[in-house]
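Chemist: my questions concern the predicted model and sequence given below.
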Amino acid sequence: MRNVITIARKELQAYFASPIAYVVIGFFALLYGYFFYTMLWYFERQSMQVQPGGGMAMNLNQMLIGPVFMNVSIVVLFVMPMITMRSYAEEKRSGTMELLLTSPLTDLQIILGKFFGAYALYAVMLLVTLLHMGVLFYYGDPEWKPVATGYLGLLLMGGCFISAGLLISSTTKNQIVAGMVTFAVFLLLWVISWIGQSFGPTGQAVVSHLAIPEHLDDFARGIIDTKHLVYYLSFIVFGLFLTARSVDSERWRG
């Protein structure tokens, strides 16, 4: 476990040693702030129409927090490739991949270290949003459980994106290629439910189950369903497993 933490710390320091972390966090905070302000403005307008005296008669979680979480998931779709594209591609480009593979570390330790390093940066991104939520709790009276489950859903969804991004990054030495392919795969997992509409009821149900946003909606509404947990955790484990196989093949080719 110590080796995993060491690699994760090294990965996190590498992110902040380059402009990547600051660009990603800044871009994420800017878009999140825009979505939050827009939804807050819309909620205020709607509440004033429902209750002219300015009271909060509408459900704050359903009208504001839930939609904000869904909008955040769209922003994550765009920023995650920038986080994962360098994980292995940069190691291959700089020639440090051979040193990493010949070090006294197992493939699992390397993969988990890189995974948790990227996950830590993603957690920092989500921490930025707590400022807005703090203001909302200070001036409003939202339910805390949907907020907690919403963040849990975002963390699990981010883990899926990171595991898939690590897999793609391990197959190329070009960061741009890794980023573009990762975004294409993420986008496919996002819109696959739309594609499934032409497969009939049974096919649509199966394809929709593979769509990542379909599993986030219940979390944003304060519902923790076992099938969603199983989906996200299975996705993460399977992605890391395929990454391990990819790294292992790189070791044999080396």
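Modeler: Received it, and whenever you're ready, just let me know what you need.
Chemist: tell me what the one helix or strand residue 26 maps to is packed against?
Modeler: Following DSSP states H and E, one finds residue 26 within helix 19-50. For helix 19-50, the contact count by 3 or more Cβ pairs under 8 Å, 6 or more residues apart in numbering; DSSP states H and E identifies helix 66-84, helix 107-139 as packing neighbours. The way it works is simple: take the backbone N, C-alpha and C, and place the C-beta from them, glycine included.
Chemist: so which elements touch the shortest one?
Modeler: I take that to be helix 66-84. Going by 3+ Cβ pairs under 8 Å, 6+ apart, helix 66-84 lies up against helix 19-50, helix 107-139, helix 144-169, helix 175-195, helix 212-220.
Chemist: quick one: average pLDDT of it?
Modeler: Averaging pLDDT along helix 66-84 gives 86.
Chemist: then the last one?
Modeler: On average, the pLDDT along helix 107-139 is 88.
Chemist: in that helix, what's buried?
Modeler: 107, 109-119, 121-122, 124-126, 129, 132-133, 136 (16 or more other Cβ atoms under 10 Å).
Chemist: next: the first one.
Modeler: Burial within helix 66-84, assessed by neighbour count using 16+ other Cβ under 10 Å, is assigned to 66-73, 75-77, 79-84.
Chemist: give me the below-cutoff pLDDT ranges for the stretch 151-254 of the chain.
Modeler: For the stretch 151-254 of the chain, the stretches with pLDDT under 70 are 193-204, 250-254.
Chemist: next, give phi and psi for the nearest residue to residue 218 once chain neighbours are set aside.
Modeler: Leaving aside its sequence neighbours, residue 218 sits nearest to residue 225 (Cβ to Cβ, 6 or more residues apart in numbering; 5.3 Å). With angles defined as degrees, to the nearest 10, residue 225 sits at phi -100, psi 140.
Chemist: give the contact list for residue 167.
Modeler: Counting by Cβ atoms under 8 Å, 6 or more residues apart in numbering, residue 167 touches 239, 242, 243, 246.
Chemist: roughly how far does it sit from residue 41?
Modeler: Distance, residue 167 to residue 41, using Cβ to Cβ, to the nearest Å: 40 Å.
Chemist: right, and residue 68 touches residue 42 too?
Modeler: No. Contact status for residue 68 versus residue 42: not in contact, 10.8 Å apart, counting by Cβ atoms under 8 Å.
Chemist: neighbours of residue 191, how many?
Modeler: 12 (other Cβ atoms under 10 Å).
Chemist: any idea how far residue 86 is from the residue nearest to the spatial centre of the chain?
Modeler: Geometric centre of the chain, nearest residue: residue 158, 2.2 Å, by Cα atoms, centre = their mean. To residue 86, residue 158 is 17 Å away according to Cβ to Cβ.
Chemist: one more: residue 93?
Modeler: Where residue 86 is concerned, residue 93 sits at a distance of 9 Å (Cβ to Cβ).
Chemist: so for these two, which sits in the more crowded spot?
Modeler: residue 86 (22 against 14).
Chemist: quick one: buried residues of stretch 230-246?
Modeler: For stretch 230-246, a neighbour-count test (16+ other Cβ under 10 Å) marks 231, 232, 235, 236, 239, 240, 242, 243, 244, 246 as buried.
Chemist: tell me the contacts of the nearest residue to residue 23 once chain neighbours are set aside?
Modeler: Closest residue to residue 23 apart from its sequence neighbours, by Cβ to Cβ, 6+ apart: residue 82 at 7.2 Å. Residues counted as contacts of residue 82 (Cβ under 8 Å, 6+ apart) are 20, 23, 24, 179.
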